[in-house]
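Chemist: here's a sequence, model it:
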Amino acid sequence: MKNLQSTTTLHNGVNMPWLGLGVFKVQEGEEVVASVKAAIDAGYRSIDTAAIYQNEEGVGQAIAKASVPREDLFITSKVWNSNQGFDQTLAAFDETMGKLGLDYLDLYLIHWPVPAEGKFVDTWKALEKLYKDGRVRAIGVSNFQIHHLEELIANSEITPMVNQVEYHPRLTQTDLLAFCKQNKIQLEAWSPLMQGELLDEPTLVEIANNHQKSTAQVILRWDLQNGVVTIPKSVKPHRIVENADVFDFELTKEEMDRISALNQDKRVGPNPDEFNRV
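Modeler: Okay, here's the model as predicted:
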């Protein structure tokens with residue numbers, strides 16, 4: 001990976017940028033339009049939204065005004081828990097596409113497994129249909145643990161291309177990462193900076209100083225060197241640019257190991273086995 005346009009190849013041959021902009025909790029309207037525009041102008045090509053973020057329309061407006069062609073962008077959205085099930089997912093996808101104003105999506109994800117509902121296999125069958133119909137270039141899941149993935153793979157035609165999960169130095173999920181690599185599922189990190197909680201961590205500060213980088217840049221570089229796609233969120237143009245400045249240095253194996261050793265299996269988001277909100 002050499003620069004912000006560098007990509008990983010998903011198991012169906014589609015290229016996905018290693019680094020993108022997440023827009024969770026970015027306000028609909030001017031804020032999200034400005035954030036996406038700043039990211040694209042800075043060289044980002046991947047934008048990650050979701051139905052529950054309630055900012056798909058703003059993302060769509062920014063894409064329509066973008067300084068690069070649509071085909072050069074990689075746009076992700078997700079079906080929310082209350083819309084799981086075959087028919088509901090197809091309807092939710094149409095609503096998402098209407099808000100985004102797009103003809104196709106690059107990646108569509110099941111947002112959470114919601115085990116109490118027991119619908120994610122039927123939801124996945126809807127994603128398989130959207131994929132076969134050419135409306136989505138790649139399909140995947142979010143917040144799926146190994147046992148969710150095993151159940152899905154056992155009951156589906158297509159293995160997910162991506163699994164987007166909470167991933168940072170306090171939650172390294174090594175078994176899940178190994179499982180995904182073994183099954184050619186690309187792991188993707190949300191909340192890679194642990195919502196800012198890690199920025200003053202002494203080990204990270206020391207490593208950052210060694211490279212004359214910020215702690216955020218060190219964490220994002222650690223993601224990338226672990227083979228994990230990452231989508232840091234920011235609404236500040238200078239921070240959006242800074243987050244992308246991670247392709248001109250490399251962490252040593254010792255530094256990588258020291259960062260991984262910060263793991264505490266600690267989440268800032270819900271536990272996927274317990275999160276059943278619809």
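
Chemist: could you use CA atoms for every contact and neighbour count after this?
Modeler: Will do.

Chemist: nearest residue to Lys119 in space, please, no chain neighbours.
Modeler: In space, and not counting its chain neighbours, Lys119 is closest to Gly85: 5.5 Å by C-alpha to C-alpha, 6 or more residues apart in numbering.

Chemist: what sits against Ala189?
Modeler: Gln164, Val165, Glu166, Tyr167, His168, Asp223, Val228, Val229, Thr230, Ile231 (C-alpha atoms under 8 Å, 6 or more residues apart in numbering).

Chemist: which one of the residues you listed is nearest to Val136?
Modeler: Gln164 (16.8 Å; C-alpha to C-alpha).

Chemist: after the lengthiest helix in the chain, which helix or strand is next?
Modeler: Counting residues, the longest helix in the chain under DSSP state H turns out to be helix 86-100. Sequence order places strand 107-110 as the next helix or strand after helix 86-100, per DSSP states H and E.

Chemist: contacts for that next one?
Modeler: 74-80, 120, 123-124, 127, 136-142.

Chemist: so of those, which ones are in strands?
Modeler: Phe74, Ile75, Thr76, Ser77, Lys78, Val79, Ile139, Gly140, Val141, Ser142 (DSSP state E).

Chemist: the residue sitting furthest away from the middle of the chain: which element?
Modeler: Largest separation from the mean C-alpha position in the chain: Asn210, at 28.5 Å (C-alpha atoms, centre = their mean). In the assignment (DSSP H and E), Asn210 maps to helix 202-211.

Chemist: in that helix, what counts as buried?
Modeler: In terms of neighbour count (16 or more other C-alpha atoms under 10 Å), helix 202-211 has its buried residues at Leu204, Val205, Ile207, Ala208.

Chemist: number of nearby residues for Arg239?
Modeler: 15 (other C-alpha atoms under 10 Å).

Chemist: wait, a helix at it?
Modeler: Yes: secondary structure of Arg239 (DSSP: H, G, I helix; E, B strand; the rest coil): part of a helix.

Chemist: could you measure from it over to Ala216?
Modeler: From Arg239 across to Ala216, the span is 10 Å (C-alpha to C-alpha, to the nearest Å).
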